[in-house]
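> One predicted model, sequence on top.
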Amino acid sequence: MAGLRRGRLRWWLLGGLVVLAVVVVGGTWLYIHVIEGPAPAPLGLKSAGSSSPASASAADSVAGKWRVGSGSVVGYRVNEVLAGQNNVAVGRTSDVAGSLSISGSTVRTASLSVPMDTIKSDQSGRDAQFNGRIMETSTYPTGTLTLTTPIALGALPAAGVIRTYHASAGLTLHGHTRKVTFALAAERTAAGIEVSGSIPIVFADWDIGNPSFAGFVTTQNHGLLEFLIKFSRS
């Protein structure tokens, strides 16, 4: 009789664990795919010609000094597995400062600066981990990107035409500066110059703690730094 009761107890415990697993996985799936919805699309420029006047021409000079204007966004994109469900974690900030200097048709200097604790996702818990053990924003409050090699623009296209260039820069994150090379897209618009791109980030290269947390959230060992910068005349 006692053995029968122990057997029933084991089956009840096993059944309870199965139900709990279904609830956790099913609830996570429901939240990610239905309640939360898809992650924001990657940052990028609009279709060529969508926001620029037809009268603008390639002859218009871009030489001079430019500053980061409103509508600029910098953030991260990391693939994660949340309770067995694939998800994309995205955090962004519009608190971006910086400048751009062009001489003739060559970009001579460019720099961006972001207060790291202004980067926010759709999850306060994720943001707490980002500001705490991952990026330690109280110790390393600022992220910067500084061009290290001039960029030759060549023949300037008309406004509304998107061109791709390659850049070399020093990226400072978590108190460490590393050289990065990346492609960027640029477009002249009615308001100025827009630049967009992404930089692959291997966390260990900047001594950044892996975002994985307590076996519930696991991530890859890398992510993307995304940016969309809108420059206006200084």
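Looks like it came in fine.
> could you show me where the helices are in the chain, in order?
Along the chain, counting by DSSP state H, helices occupy 2-30, 124-129.
> Of those, which shows the lowest average pLDDT?
For the helices of the chain, mean pLDDT drops lowest on helix 2-30, to a mean of 46.
> what ranges do the strands span in the protein?
For the chain, the strands defined by DSSP state E occupy 64-68, 73-82, 85-93, 97-103, 106-115, 142-147, 151-152, 163-173, 176-188, 193-202, 217-219, 222-233.
> Could you provide the ones you listed in a markdown table, with additional columns for mean pLDDT?
Output for these, formatted as a markdown table (pLDDT from 0 to 100):
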| stretch | mean pLDDT |
| --- | --- |
| strand 64-68 | 97 |
| strand 73-82 | 92 |
| strand 85-93 | 92 |
| strand 97-103 | 98 |
| strand 106-115 | 98 |
| strand 142-147 | 98 |
| strand 151-152 | 98 |
| strand 163-173 | 97 |
| strand 176-188 | 97 |
| strand 193-202 | 97 |
| strand 217-219 | 85 |
| strand 222-233 | 97 |
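> Nearest approach to D127 belongs to which of these?
Distance to D127, taken as Cβ to Cβ, is lowest for strand 85-93 among these, at 7.1 Å. No exception for glycine: its C-beta is placed from N, CA and C like everyone else's.
> counting contacts, what elements does the closest one pack onto?
helix 2-30, strand 73-82, helix 124-129 (3 or more Cβ pairs under 8 Å, 6 or more residues apart in numbering; DSSP states H and E).
> and the shortest one, which residues are buried?
Using 16 or more other Cβ atoms under 10 Å as the burial criterion, the residues of helix 124-129 that qualify are 126, 129.
> if we look at that helix, which residues are touching it?
89, 91, 119-121, 211, 213 (Cβ atoms under 8 Å, 6 or more residues apart in numbering).
> mind running it again at 7 Å?
Applying Cβ atoms under 7 Å, 6 or more residues apart in numbering, the external contacts of helix 124-129 come out as 89, 120-121, 211, 213.
> What is the distance between that helix and the centre of its chain?
Helix 124-129 sits 16 Å away from the centroid of its parent chain (Cα atoms, centre = their mean, to the nearest Å).
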